[in-house]
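>>> Fold the following.
(2 chains)
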Amino acid sequence: MDTRDLHVVTVGAGQAAAALAFRLRKNGHRGRIDLVGNETWPPYQRPPLSKKYLVGELERERLYLKPASAYASHDIGLLLGHEVTRIDRSAKKVGIAGPQATEWSYDVLVLATGGTPRKPMGEVATWPNVFTLRGMDDADRMRDAFVAGRRLLVIGGGYIGLELAAVARKRGLDVVVVEQAERILSRVACVETSDYFRALHEKNGVEILEGASAGTFERDGNGRSVVLLTDGRRIAFDIAVFGIGIVANDELARMAGLACDNGIVVDDRGRTADPAIWAAGDCARFPYAEHMIRLESVPNAIAQAEHIADELVNPTGAPYAPVPWFWSDQYDCKLQIAGLNLGYTSVVPRAGGQPETNAHWYFRGDELIACDAMNDVRSFMLAKRWLGAAVRPTPGMIADSAWNPTAF
Amino acid sequence: MVKIIYVEPDGTEREIDVEEGRTLMEGAVAHGVEGIVAECGGACSCATCHAYIEAAWIALVGEAEGDEAGMLEFAFEPGPHSRLTCQIEVTDILEGLRVQIPAQQG
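Below is the predicted model:
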């Protein structure tokens, strides 16, 4: 059968699944394409959930990646509010649970299942004033609690936690961030970037506690929620949000006998060991510069899915070799990150023209591998360009304030 | 609703009614206008929603400034009338606006 006539089913109906589906049609794919998603909304963008959508500045419809009519006009099936519960690889069928439970055959299966936020241990996870944030339903539940004067406790000083802290401060909430590691953003960024964001948040009145671990949660005599840190400090709060990372949704793949390692293991094209099954987005673990990584970012979900769509219609064996990139907005600061700093050995800071314009350039030896750009769009765009090329600036060039980057 | 005319890279003119308060980018994406990619969904972080505002309209729409202008320096063939369409809110004064979409994004 011509590959363009194959029936493609995606497990998941989010960023990656939508990107795959529309790219397949653009590539001339004629076969059925069906997205099966366990949320009740059509594919939507998640970044605004921790920003404008949370505070009611962006209506739900504006989150949708495409209007409903686009799926119909491109003949892309959307089965929402249903969950794929098993994969029968030998029969090439998936079992689907939900109001219209059924079983579907597939020619090609693309796992785009994303991840689930880590929850705290114990009973606190069930408290009505304790949240994690991944989907629209989470943001909808949290919105009413985000009221000026209340105290927000953020557990986890990563991007989700920091974006929420910023939004909460602008709303007039009192905010405390508790980060277990010795510094916020330690998992993803250098000391210099942690320092930049600590200063930014503290300037905006956020209390940041680093090297601090939440021990137990309880209600005090007045019914107020309290966390006891392991160092003995007690912090009362009205709302708590846990931003402590996600776990890849790979159980389905694992149950079907596919290799998983906090993520569905795929090759450099996005394919599992089963030639009919691929994976893309937050759930996929793929080879990148001698490592196996999961890239939790919107650009990766899109680019990896589109790579698979290209390979499905016109298999060239070309590897998916992205220049990873990412963005985060906190207060008036636009953070843009190009590359992946895995294995960095040095950081060269370079100030931009204006006071709050800064970029931190990561090197592995003399090789430029990533850049954190704060309110420095030019550095970000240059970094993206350079990281896609073989020849890149040296640490000496970046360190030299007289060196002209645009002439490189 | 505000009528916006998006001219696709191959010259096809798409007359689209865009809801007031949406951005030019959202109008394009919602109607499958060719050539607007908008990878970052409107966060002024990717420069793939780039378009040229027709000369007659640029005074009304305004030229790019700040971060948007910085991002545009790296867009495909930017010109003095280039804008990132995610930064332009559609209001009724833009009725009939013509926007030319570049041959490629990024």
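>>> Could I get the contacting residues of A:Leu49?
A:Leu63, A:Leu133, A:Arg134, A:Gly135, A:Met136, A:Asp138, A:Ala139 (CB atoms under 8 Å, 6 or more residues apart in numbering or on different chains). Every residue, glycine included, has its C-beta placed from N, CA and C.
>>> Residue 30 - how many residues pack around it?
Picking chain A for this. By other CB atoms under 10 Å in any protein chain shown, the residues close to A:Arg30 number 14.
>>> ah, I was thinking of chain B
Residues near B:Ala30, counting by other CB under 10 Å: 20.
>>> A:Leu228 and A:Ala181: what is the separation?
19 Å (CB to CB, to the nearest Å).
>>> Can you name the residues bridging to the residue nearest to A:Tyr71 when sequence neighbours are not counted?
Nearest non-adjacent residue to A:Tyr71, counting by CB to CB, 6 or more residues apart in numbering or on different chains: A:Leu78, 5.2 Å away. For A:Leu78, the beta-bridge partners are A:Leu35 (DSSP bridges).
>>> Can you pull the residues of chain B lying near chain A?
B:22, B:26, B:29-30, B:32, B:39-41, B:43-47, B:67, B:70-71, B:73-74 (CB under 8 Å from any CB of the partner chain).
>>> Narrow the residues you listed to those that are buried.
Buried members of the residues of chain B next to chain A, counted by 16 or more other CB atoms under 10 Å in any protein chain shown: B:22, B:26, B:29-30, B:32, B:39-41, B:43-47, B:67, B:70-71, B:74.
>>> Which of those residues fall in strands?
Judged by DSSP state E, those include no members of strands.
>>> picking up where we left off before, which of the contacts of A:Leu49 fall within helices?
Counting by DSSP state H, the part of those found in helices is A:Met136, A:Asp138, A:Ala139.
>>> can you pull the contacts of the second one?
A:Asp138 makes contacts with A:Leu49, A:Phe131, A:Thr132, as judged by CB under 8 Å, 6+ apart.
>>> The residue positioned nearest the centre of chain B: what's it in contact with?
Centroid-nearest residue in chain B, with CA atoms, centre = their mean: B:Thr85, separated by 3.2 Å. Residues near B:Thr85 by CB under 8 Å, 6+ apart: B:Thr23, B:Leu24, B:Met25, B:Ala28, B:Ile36, B:Ala38, B:Cys49, B:His50, B:Ala51, B:Val99.
>>> repeat that with 7 Å
By CB atoms under 7 Å, 6 or more residues apart in numbering or on different chains, the contact list for B:Thr85 reads B:Thr23, B:Leu24, B:Met25, B:Ala28, B:Ile36, B:Cys49, B:Ala51.
>>> Give me the phi and psi for it.
Main-chain dihedrals, B:Thr85, degrees, to the nearest 10: phi -70, psi -20.
>>> who's in contact with the residue nearest to A:Tyr71?
Counted by CB under 7 Å, 6+ apart, A:Leu78 has contacts A:Ala13, A:Leu35, A:Pro42, A:Tyr71.
>>> Let me see the contact set for the closest residue to chain B within the stretch 51-200 of chain A.
Residue nearest to chain B within the stretch 51-200 of chain A: A:Pro67 (5.2 Å; CB to the nearest CB). Counting by CB under 7 Å, 6+ apart, A:Pro67 makes contact with B:Ala30.
>>> again, 10 Å this time
A:Pro67 is in contact with A:Pro42, A:Glu61, A:Ser73, B:Val29, B:Ala30, B:His31, B:Gly32, counting by CB atoms under 10 Å, 6 or more residues apart in numbering or on different chains.
>>> Got the confidence number for residue 54?
As the question left the chain open, I've gone with chain A. We have a pLDDT of 96 for A:Leu54.
>>> if you could check chain B rather than the one you did, that'd help
For B:Glu54, the pLDDT comes out at 96.
>>> Tell me if I'm right that it and B:Arg83 touch.
No. Assessed by CB atoms under 10 Å, B:Glu54 is found out of contact with B:Arg83, at 11.1 Å.
>>> Please report phi then psi for the residue of the stretch 51-200 of chain A closest to chain B.
Here is the backbone geometry of A:Pro67 (degrees, to the nearest 10): phi -70, psi 160.
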